[in-house]
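Undergrad: What shape does this take:
(4 chains)
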2 protein chains.
Amino acid sequence: MKHLEPYINRLKNFGYKVTHQRLVVLDYLQHSKEHPSAETIYNDLKERYPTISLATIYNTLEMLTRVGLVLDLGAPEERRRFDGNTSDHSHFFCTNCGKIEDIVVPGVEKVMNKVKQDTSRHIDRCRLDFFGRCAVCESENNNHSDKQRPD
Amino acid sequence: MKHLEPYINRLKNFGYKVTHQRLVVLDYLQHSKEHPSAETIYNDLKERYPTISLATIYNTLEMLTRVGLVLDLGAPEERRRFDGNTSDHSHFFCTNCGKIEDIVVPGVEKVMNKVKQDTSRHIDRCRLDFFGRCAVCESENNNHSDKQRPD
DNA sequence: CTTTGTGCAAATACTTTGCACGTAG
DNA sequence: CTACGTGCAAAGTATTTGCACAAAG
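TA: Residues are numbered from 1 along each chain as shown, chains lettered A, B, ... in the order given. This next block holds a predicted model:
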């Protein structure tokens, strides 16, 4: 887990101990593209680390979010979803199947930086999200024709 | 509650009945700038409508969100927060006091529309959010090393 | 008159916490 | 060695649901 060194340093700088469980969660998030929930992380990890606990996953995610190594995506679902990729990127939420995809939005940074200057507030972070139906759901034409779409 | 007519029509178009409770919640949200939680709405409304129930508030908010008359803001807090203003605008979340403010971001629509065209997905809605410390919190405590120290 | 919504309370589900043991520093 | 982290189970807490009555269309 050499690639985790910068993260380890971040933990140390914030005064947190570097534990096996924390590294495992970090490593998991670095390799996941699924924007998993705490429970998903737990279910996947407990196969290799059977004694890990869900409470530790939650504690770890909360801590990692606090130090900025993980993002809480604010998904419109029951469970919270997390992202280990903290670089500038946007998200697309499929309101049909719940999938979350990374999405590249050129030109956003410029707009965001303008806001950071113009506002009286101190802005730490921005997020830009899109909601709709993913390519799969759109092509499957799965009429979940509930009252899904406004307008 | 004359101003609610377009909303009433929306309910009817979706086949929902127009009830006193639904109008009251809609009216409340139209007049609120606080981006309230379900419980806040409940607490405020039960003074004037003592028999209204929290479950109804939740059911109503869920339905109004589904038909696009209310936004679920995806706030980084325990409770969900809602907005009755569905026109294009962004939000600022104070990570210190929890306040949510409307914020005007010029030029965003252009970027968002570009994404709507470029992507293979079907996009219904976008959101642009900012996180940081509001003017009040910022002035009260000039220390902007926002990350709280571990326990 | 039929269907949908409401209020209440109980249930559910996600997340957090208390405590004793284990482990990093 | 000492403080902090972990695992477990138990507790919270926001939100949803079942049901009988009420109200809308």
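Undergrad: In contact with the residue most central in space within chain A, which residues?
TA: The residue lying closest to the centre of chain A (Cα atoms, centre = their mean) is A:D83, at 2.1 Å. By Cβ atoms under 8 Å, 6 or more residues apart in numbering or on different chains, the residues touching A:D83 are A:29, A:35, A:70-71, A:73, A:91. (Glycine included, C-beta is placed from N, CA and C.)
Undergrad: Specify the beta-bridge partners of it.
TA: Beta-bridge pairing for A:D83 (DSSP bridges): A:L71.
Undergrad: quick one: which of the contacts of A:D83 is nearest to DNA strand C?
TA: Checking these against DNA strand C with Cβ to the nearest atom of the strand, the nearest one is A:L73 at 10.8 Å.
Undergrad: And for the closest one, nearest residue in space, chain neighbours not counted?
TA: A:R81 (4.7 Å; Cβ to Cβ, 6 or more residues apart in numbering or on different chains).
Undergrad: May I have the predicted confidence score for the one you found?
TA: As predicted, A:R81 sits at a pLDDT of 97.
Undergrad: Between the contacts of A:D83, identify the one with the most neighbours.
TA: For these, the largest neighbour count, defined by other Cβ atoms under 10 Å in any protein chain shown, is 24 neighbours, found at A:L29.
Undergrad: which SSE is that one in?
TA: Counting by DSSP states H and E, the element that carries A:L29 is helix A:20-31.
Undergrad: Show residues contacting that helix.
TA: A:1, A:3-4, A:7-8, A:11, A:16, A:36, A:41, A:44-45, A:49, A:52, A:56-57, A:60-61, A:63-64, A:69-70, A:82-85.
Undergrad: If we use 7 Å, what do you get?
TA: With Cβ atoms under 7 Å, 6 or more residues apart in numbering or on different chains as the test, helix A:20-31 has contacts from A:1, A:3-4, A:7, A:11, A:41, A:44-45, A:49, A:52, A:56-57, A:60-61, A:64, A:69-70, A:82, A:84.
Undergrad: What parts of chain A come near DNA strand C?
TA: For chain A, the residues in contact with DNA strand C (Cβ under 7 Å from any atom of the strand) are A:12, A:17-20, A:37-39, A:54-55, A:58-59, A:62, A:78-80.
Undergrad: and the residues you listed, which are buried?
TA: Among those, those classed as buried by 16 or more other Cβ atoms under 10 Å in any protein chain shown are A:37-38, A:80.
Undergrad: quick one, strands of chain A?
TA: Per DSSP state E, chain A carries strands over the ranges A:71-72, A:82-83, A:90-94, A:100-103, A:122-133.
Undergrad: Domains in chain A, by residue range?
TA: By the assignment in automatic domain parsing, chain A contains the domains A:1-84, A:87-151.
Undergrad: hmm, the last one in reach of chain B?
TA: What that stands for is domain A:87-151. Yes. Applying Cβ under 7 Å from any Cβ of the partner chain, one finds domain A:87-151 touching chain B at A:92, A:103, A:105, A:107-108, A:111, A:115, A:119-135, A:138, A:147, A:149-151.
Undergrad: pLDDT of that domain, averaged?
TA: The pLDDT scores in domain A:87-151 average 82.
Undergrad: what's the closest of the residues of chain A next to DNA strand C to B:C97?
TA: Nearest to B:C97, judged by Cβ to Cβ, of the residues of chain A next to DNA strand C is A:E62 at 19.3 Å.
Undergrad: now A:C126: how far from A:G107?
TA: As defined by Cβ to Cβ, to the nearest Å, A:C126 lies at a distance of 13 Å from A:G107.
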